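S.K.: Structure for the following, please:
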Amino acid sequence: MNDSSWGAPPQAGYWGPTDQGHGHGHVQSPGHGQVHSPGQGHVPGAAPAGPAYDAYEAPQTRPMPIVPDVTEFGGNQDDDRGAARPSGAPVRNDTNPEPMPDPSQPAPKPPKKSAGRDLSAAIGVGVGLGAVIVASLFVVKAVFVGVVAVAVVVGLWELTKRLEERKGIRAPLVPLALGGAAMVVAGYVRGAEGAWVAMALTALAVLVWRMTEPPEGYLRDVTAGVFAAFYVPFLATFVAMMLTADDGPQRVLTFLLLTVVSDTGAYAVGWRFGRHKLAPRISPGKTREGLLGAVSFAMVAGALCMQFLIDDGAWWQGLVLGLAVAVTATLGDLGESMIKRDLGIKDMGTLLPGHGGIMDRLDSLLPTAPVVWLLLVLFVGSG
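M.R.: Numbering: from 1, shown residues only. As a prediction, this is how the structure comes out:
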């Protein structure tokens, strides 16, 4: 049964009890003459069918819920499935008529578009984070690896905390945090082999650690733990692996720049020209025009970065790289939005004013990292 059947009576019309005879009968309905009812007995004095008489002895029905057009977190949230909206012609309100607009007064200005966040705080935090990352990247490589490890641990803390709060899923944080940090360091020191070994050991540690608690929900918790280990630290390890090349800082800077430029292009073009929704059920704010902006901005930035930052790079490689970054960054953002919608939250955390949590900033970076690492290895080698 779908929700549209709410409130419908069990049968059309109610003609009285069925134990008053069978076969073809007829009912004298005032003003309507004889009404033949196959399968129903003759019911003297029975009322004609209709909403007023149906409600007399019919089972109590449940009214369809009415949802407002604007939801709590915005006017375009696509969470109205299963609910009904008011239908029919609007009823004139004679007791409190709406005042007629005064032609001498200027018409109210339409509301300005808003990003829904504190833009000043977001810019300030973004600039601060960028300065820390760039400084650590070009001063001492090991410091940047430490920054990545800290970001991974904080991201795991946010993700596991939200899972437990919203879904009751207890993914063990201790083995995830230790294994995640070790995964990033192993990827920097031992490359892809080290990252895979650390990933396997982290998954094993999650399985063993969860054994210390009651078995109820064991499979659910360890599945979430292994997912978290792959989603956050394993994908982040590819950033550390980029750093191992001779021009590693330039590669990481290219990765960060292209991702930021892609997000900025999507926001700027989508905010100004966005008309057609990209994925309204997942992220109502994203538009196809915004995606085109992300692709355009990222391809231009990619050509410049490959030409001037990467050793032996070519501009056309940058076009391919920019296109790949725009696609993966958008998919990563949509994936994070799916997780947050499933959890029923808007942000993963509140550590970064204007941004949300660490995971709200890593959403487009994490799935982009392995793609950029792979394309750079294919284009210019591992360094």
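
S.K.: contacts and neighbour counts: CA atoms only from here.
M.R.: OK.

S.K.: Beyond the longest helix seen in the chain, next helix or strand please.
M.R.: In the chain, assigned by DSSP state H, the helix with the most residues is helix 173-210. Of the helices and strands lying after helix 173-210 in sequence (DSSP states H and E), the nearest is helix 218-229.

S.K.: So which bits of that next one are buried?
M.R.: In terms of neighbour count (16 or more other CA atoms under 10 Å), helix 218-229 has its buried residues at 218, 221-226, 228-229.

S.K.: same deal with stretch 185-198?
M.R.: By 16+ other CA under 10 Å, the buried positions in stretch 185-198 come out as 185-188, 191, 194-196, 198.

S.K.: Make JSON lines out of these and add pLDDT and distance to Lys277.
M.R.: Conversion of the buried residues of stretch 185-198 to JSON lines gives the following (pLDDT from 0 to 100; distance: CA to CA, whole Å):
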{"residue": "Val185", "pLDDT": "96", "distance to Lys277": "40"}
{"residue": "Ala186", "pLDDT": "96", "distance to Lys277": "41"}
{"residue": "Gly187", "pLDDT": "95", "distance to Lys277": "39"}
{"residue": "Tyr188", "pLDDT": "95", "distance to Lys277": "40"}
{"residue": "Gly191", "pLDDT": "93", "distance to Lys277": "40"}
{"residue": "Gly194", "pLDDT": "95", "distance to Lys277": "42"}
{"residue": "Ala195", "pLDDT": "95", "distance to Lys277": "38"}
{"residue": "Trp196", "pLDDT": "95", "distance to Lys277": "38"}
{"residue": "Ala198", "pLDDT": "97", "distance to Lys277": "40"}
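
S.K.: if we can go back for a sec, between the buried residues of helix 218-229, which is closest to Ile310?
M.R.: Each of the buried residues of helix 218-229 was scored against Ile310 by CA to CA, and Ala229 proved nearest at 30.6 Å.

S.K.: if we can go back for a sec, now the buried residues of stretch 185-198 in JSON lines, with distance to Arg162?
M.R.: Compiled in JSON lines, the buried residues of stretch 185-198 are given as follows (distance: CA to CA, whole Å):
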{"residue": "Val185", "distance to Arg162": "26"}
{"residue": "Ala186", "distance to Arg162": "28"}
{"residue": "Gly187", "distance to Arg162": "27"}
{"residue": "Tyr188", "distance to Arg162": "29"}
{"residue": "Gly191", "distance to Arg162": "31"}
{"residue": "Gly194", "distance to Arg162": "29"}
{"residue": "Ala195", "distance to Arg162": "26"}
{"residue": "Trp196", "distance to Arg162": "27"}
{"residue": "Ala198", "distance to Arg162": "25"}
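
S.K.: Check those against Ile358 and report the nearest one.
M.R.: Val185 (19.5 Å).

S.K.: who touches that closest one in this structure?
M.R.: By CA atoms under 8 Å, 6 or more residues apart in numbering, the contact set of Val185 is 145, 149, 237, 240.
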